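Peer 1: Sequence first, then the predicted structure:
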Amino acid sequence: MRLRSVAAVAGVIAGTAALVLLAPTAALARPIAPIEPTAPATPAVPDGGVVSVEINGPDGAPASAILVLLAVTLLSVAPALLLMMSSFTKIFVVLAITRNALSLPTIPPNQVLAGLSLFLSLFIMGPFLTEVFDTALQPYLNGEITFEQALALGVVPLRQFMLSVTREEDLALMLRAAGQPNPADFADVDLFTLIPAFMISELRAAFIIGFVIFVPFLVIDLVVAAVLMSLGMMMLPPVMISLPFKILLFVLVDGWSLIITSLIQSYGGG
């Protein structure tokens, strides 16, 4: 009897195991009904399917989102515009050469030179920036003109500033490089030709001013080096001895005022 009971239990367990193992196979053997594709839902578009984006507000002025976008864009390209279309490059190069002529490679630091160059550039270009604001930016903010008109009006003062300090030789150089004929009036030169010619002229003027600044300090270095050589003090760095005399000379002649005055006068100011 016990053997029969054990055999019955074993048969039940074997049958259950067979059902468990064969159930996936049976399920796979069943035919699978094809899935009919469904068309994607099309969002409803008002006004007969026409999407429009309004740039101006209800009163004709530019929308606040457009103003924020323009402000972010201006902040991203402002450093390039500042370097290419203002007096910043020339002023910064002259101040950096002056610092090197004094044998002070880190004094004043770059942040101080950049800040001084920035505010001097704003001082020099104040009338031009005011004209840009009055003729282009303010009318556009008031909704009186479009963005294209504001851009065309705002470029005019900057073009006048760059033409006033750009040499004709540099303009002719860029025109020849571009394969363009010389225009009847240099005011007709496009910005893509005027901006590099303006930067070349600025760098040339900056190096000329830097050379004039460098010569007196070079003379001091030569005198100090000759004296040290005559005394047999060849191991003593001449810069260590000449640095106090350079600083003394620069302070006595009020060097910063002379340099800044020369820079302002080079743009017709003062």
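Peer 2: Cool, the structure landed.
Peer 1: alpha carbons only for contacts and neighbour counts from here, please
Peer 2: Fine.
Peer 1: can you give me the helices in the stretch 51-200 of the chain?
Peer 2: 64-85, 88-101, 110-124, 126-132, 138-141, 147-165, 168-178, 191-230 (DSSP state H, counting those that start in this stretch).
Peer 1: Deepest in the core, which of these is it.
Peer 2: helix 88-101 (a mean of 21; mean count of other Cα atoms under 10 Å).
Peer 1: Which residue comes closest to Ala96 once chain neighbours are left out?
Peer 2: Leu113 (7.4 Å; Cα to Cα, 6 or more residues apart in numbering).
Peer 1: Please tell me how far the one you found sits from Thr89.
Peer 2: 11 Å (Cα to Cα, to the nearest Å).
Peer 1: where does the stretch 151-270 of the chain dip in pLDDT?
Peer 2: Low-confidence regions of the stretch 151-270 of the chain, defined by pLDDT under 70, span residues 186-187, 269-270.
Peer 1: Recalculate using a threshold of 80.
Peer 2: Within the stretch 151-270 of the chain, the ranges that satisfy pLDDT under 80 run 178, 180-191, 231-240, 268-270.
Peer 1: about what we covered before: so the residue nearest to Ala96 is in contact with Phe92, correct?
Peer 2: Yes - Leu113 is within contact range of Phe92, at 6.5 Å (criterion: Cα atoms under 8 Å).
Peer 1: Check the gap between Asp188 and Val93 for me.
Peer 2: 29 Å.
Peer 1: next one: Ala101
Peer 2: In terms of Cα to Cα, Ala101 sits 12 Å off from Val93.
Peer 1: How about Gly232?
Peer 2: Taken as Cα to Cα, the span from Gly232 to Val93 is 37 Å.
Peer 1: what do you get for Leu113?
Peer 2: For Leu113 relative to Val93 (Cα to Cα), the value is 9 Å.
Peer 1: One more: Glu202?
Peer 2: 9 Å.
Peer 1: Could I get the pLDDT score of Gly15?
Peer 2: We have a pLDDT of 46 for Gly15.
Peer 1: One more: the one 3 residues further on?
Peer 2: Per-residue confidence (pLDDT) for Ala18: 43.
Peer 1: The one 3 residues further on now?
Peer 2: Here, the pLDDT recorded for Leu21 equals 39.
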